[in-house]
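In: how does the following fold in three dimensions:
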Amino acid sequence: MHLDLDFIRSQFPAFQAPDLRDQVFFENAGGSYACRQVIWRLSRFYRERKVQPYAPYRASEMGGAEMTEARNRLSLMMGVQPDELVMGPSTTANVHVMAQAVRRWLSPGDAIVVTNQDHEANTGAWRRLVADGIEVREWAINPLTGSLEGETLDPLLEDGRVKLVCFPHCSNVIGEINNVNRLVWRIHRAGAFACVDGVSYAPHGVPDVGRLNADIYMFSAYKTYGPHQGLMIVRRRLADLLPNEGHVFNDGPAAMKFNPAGADHAQVAACAGIADYIDAVHSRHSVAGRDATARAAFVHDLFRDAEVSLLQPLLDFAEADERVRMLGPTQARERAPTVSLVHARPGVDLAKELAEHGVMCGGGDFYAPRPLRALGVDPEHGVLRLSFVHYTSAEDIDRLIEALDRVL
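Out: Numbering: from 1, shown residues only. Take a look at the predicted model:
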């Protein structure tokens, strides 16, 4: 089954925007284009439902129903229960709240594990727990490959004091996809819980969190074609152990107790547009009859196949070019289409010059100074990061490679 790219791009108004028409977009790891279903739902909420939700009058009832719809449909696609889905202002904010809950749950002498492969959002808040007497152990990447290896995790878990292990589904600068199922199995075998940062993976297909078996899984809706919200799954087996971080009357399901600020009503409701889009792609490419989780899994595989076929030529170009050093695996199946290149010139300078060729991308450290340092890259110098998702075309890739060759 091949992705119908004309249909896909018709779902994103950005591709019809005059100011973007002559541009190719390769900074999707920083945030994707929004699909039309999300834009329409957000606009309708502000136009017709912008009142306090869940009150006994029609506009309020409709607004509340749309918020509930978003939670129900997205959780079903991810193979979890609706009360396990926390919808907060950002992934960084969600991690901060979880770190505070874990801080009050743990006792001095307990330990957690973090990695130096992570974006700062899923390492900084956890590392600060050392100030409360919690031991923080670092699971270090292989300094040659950037890989997280299970064999180096096991010794950190041997004494039974580790209660939580935090690691990424894939790094936002290295791109390698970690085997979450296998790593979670190791973590659970040692009696600990697993927290997985999916921010850099979820844009490439809605993850089946139920199958991955992670206790916490988080990602950002604005990177999965939606509004600026952080989506976080906290499974009941862990949520029930943790203290309430919300209002006193919200001490119940994870969906309530781990969102102290209250939801952005319009953006939560608009997240149902992500589910609309996934279902529309499924309907275009397959027959009916699957449940929500299976539909999302089908679309996930469709997206990944499309991305892999586009990614390999870019990897081959970068690997063969002696002017740059590419971070992460050289095989497309092993990684997300997020490619970081190290050059004699700073990454941000290369990105500025590529912009003159109509290539939108970014340069810098991307809040990931730890993995860069571990791989011998000065975060101040940074990398050029080229990232795309399933709506990218083969012509976009060709144009990128041609412009990159000129700039280098």
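In: next, please give the residue ranges for the strands of the protein.
Out: Under the criterion DSSP state E, strands of the chain are mapped to 24-25, 85-88, 111-115, 135-139, 162-168, 193-197, 216-220, 230-234, 325-326, 338-342, 359-360, 362-364, 383-387.
In: counting by contacts, list what the fifth one packs against.
Out: Of the remaining helices and strands, those touching strand 162-168 by 3 or more Cβ pairs under 8 Å, 6 or more residues apart in numbering; DSSP states H and E are helix 91-105, strand 111-115, strand 135-139, helix 150-157, helix 180-189, strand 193-197. Just so you know, the C-beta spots here come from the backbone N, C-alpha and C atoms, and that holds for glycine as well.
In: contacts for stretch 346-362 next, please.
Out: 22-27, 30, 341, 343, 363-364, 380-387, 399-400, 403-404, 406-408 (Cβ atoms under 8 Å, 6 or more residues apart in numbering).
In: identify each buried residue in stretch 118-137, please.
Out: By 16 or more other Cβ atoms under 10 Å, the buried positions in stretch 118-137 come out as 118-127, 129, 134, 136-137.
In: same question for stretch 303-322.
Out: 303-308, 310-312, 314-315, 317-318, 321.
In: same check on stretch 268-286?
Out: For stretch 268-286, by 16+ other Cβ under 10 Å, it's 268-282, 285.
In: with stretch 38-47 instead?
Out: Those would be 38, 39, 41, 42, 44, 45, for stretch 38-47 by 16+ other Cβ under 10 Å.
In: tell me which residues are up against that stretch.
Out: 13, 63, 66, 225-227, 265-267, 269-274, 276-277.
In: can I get that stretch in CSV, CA atoms only?
Out: This file holds the C-alpha atoms of stretch 38-47, laid out as CSV (Å, rounded to 0.1, in the frame of the first residue of the first chain):
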residue,chain,number,x,y,z
VAL,A,38,-7.7,20.5,13.9
ILE,A,39,-7.9,24.0,12.5
TRP,A,40,-11.6,23.7,11.8
ARG,A,41,-12.3,22.3,15.3
LEU,A,42,-10.3,25.0,17.0
SER,A,43,-12.0,27.7,14.9
ARG,A,44,-15.5,26.3,15.7
PHE,A,45,-14.8,26.1,19.4
TYR,A,46,-13.7,29.8,19.6
ARG,A,47,-16.6,30.8,17.4
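In: kindly provide the whole-number mean pLDDT of it.
Out: In this model, stretch 38-47 has a mean pLDDT of 98.
In: so what's the spatially closest residue to residue 190 that is not a sequence neighbour up against?
Out: Nearest residue to residue 190 in three dimensions, chain neighbours excluded: residue 157, at 3.8 Å (Cβ to Cβ, 6 or more residues apart in numbering). By Cβ under 8 Å, 6+ apart, residue 157 lies in contact with 113, 165, 186, 187, 190, 192.
In: so what's residue 313 up against?
Out: Residue 313 neighbours (Cβ under 8 Å, 6+ apart): 397, 401.
In: now do 7 Å
Out: residue 397 (Cβ atoms under 7 Å, 6 or more residues apart in numbering).
In: do you know how far it is from residue 27?
Out: Residue 313 is 19 Å from residue 27, where distance means Cβ to Cβ, to the nearest Å.
In: what do you get for residue 227?
Out: From residue 227 to residue 27 the distance is 18 Å (Cβ to Cβ).
In: now residue 361
Out: Residue 361 is 5 Å from residue 27, by Cβ to Cβ.
In: neighbour count: these two, which is higher?
Out: A side-by-side neighbour count of residue 361 and residue 27, using other Cβ atoms under 10 Å, places residue 361 first with 26 against 19.
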